[in-house]
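Enquirer: sequence? don't have it. structure:
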């Protein structure tokens with residue numbers, strides 16, 4: 001005699017099969033919910049403590065030197081570099097991440113310092129134009145900018161030097177089109193693009209290779 005739980009409904013699904021399916025779905029939902037809750041708890045544990053609105057003390061690793069600075073949490077990395085550490089080679093122009101004059105490196109990657117909070121840079125390695133070379137010992141890219149007459153007023157030059165340094169190390173054999181595209185995040189109102197392009201194309205191979 002057939003079990004009453006095995007009777008099929010109009011859809012062809014037995015009562016027992018339906019109950020089994022519901023049980024499996026409930027278990028899967030519980031597992032997913034538990035995993036999501038654990039993930040959210042871990043994220044909350046890793047999140048920084050609430051800061052502000054007053055000054056907070058942070059440590060910034062800039063050009064290999066640890067600096068202790070006090071800033072409001074809303075202060076950008078650009079303003080911290082210029083106004084707290086007196087590293088004015090990083091220029092403040094558009095202040096909205098469109099011109100590239102404030103370009104620096106954070107953990108080796110290019111970054112618009114006007115679009116990054118100083119507190120976000122804690123624990124990361126920051127490099128500014130001052131960290132690439134000195135007046136007495138210029139970097140190869142800085143020398144190339146002079147040799148190729150790749151500057152006029154010089155206001156945008158630090159950002160371009162930073163961008164070019166990163167570009168030639170990442171693209172040692174770039175084409176003209178790749179240079180134009182890769183350097184498109186920086187603007188020069190004096191129009192020295194021809195010289196800058198020559199720097200990116202003509203810098204010695206050992207520099208492009210990152211040596």
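Expert: Thanks, I have it. Predicted model, so just to flag it, every value in this text is computed and none were measured.

Enquirer: Break the protein into its domains for me.
Expert: 4-46, 56-131, 140-208 (automatic domain parsing).

Enquirer: and the ones you listed as TSV, adding mean neighbour count and mean pLDDT?
Expert: Glycine gets a C-beta too; all of them are placed from N, C-alpha and C. Shown next, in TSV, are the domains of the chain (neighbours: other Cβ atoms under 10 Å; pLDDT from 0 to 100):
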stretch	mean neighbour count	mean pLDDT
domain 4-46	10	59
domain 56-131	18	97
domain 140-208	18	90
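
Enquirer: Do you have the helices of the protein handy? List them.
Expert: Applying DSSP state H to the chain gives helices spanning 15-46, 77-79, 140-147, 157-170, 176-182, 193-202, 205-208.

Enquirer: In contact with residue 176, which residues are there?
Expert: 197, 201 (Cβ atoms under 8 Å, 6 or more residues apart in numbering).

Enquirer: now with 10 Å?
Expert: Taking Cβ atoms under 10 Å, 6 or more residues apart in numbering, we find residue 176 in contact with 197, 200-201.

Enquirer: And for residue 75, nearest residue in space, chain neighbours not counted?
Expert: residue 118 (5.1 Å; Cβ to Cβ, 6 or more residues apart in numbering).

Enquirer: swap that for residue 60, please
Expert: residue 67 (4.9 Å).

Enquirer: And residue 55, by the same measure?
Expert: residue 70 (4.4 Å).

Enquirer: do the same with residue 121
Expert: residue 77 (5.2 Å).

Enquirer: now do residue 51
Expert: Closest to residue 51 by Cβ to Cβ, 6+ apart is residue 73, at 4.5 Å.

Enquirer: what residues are up against that neighbour?
Expert: With Cβ under 10 Å, 6+ apart, residue 73 has these contacts: 48, 50-56, 58, 117-120.
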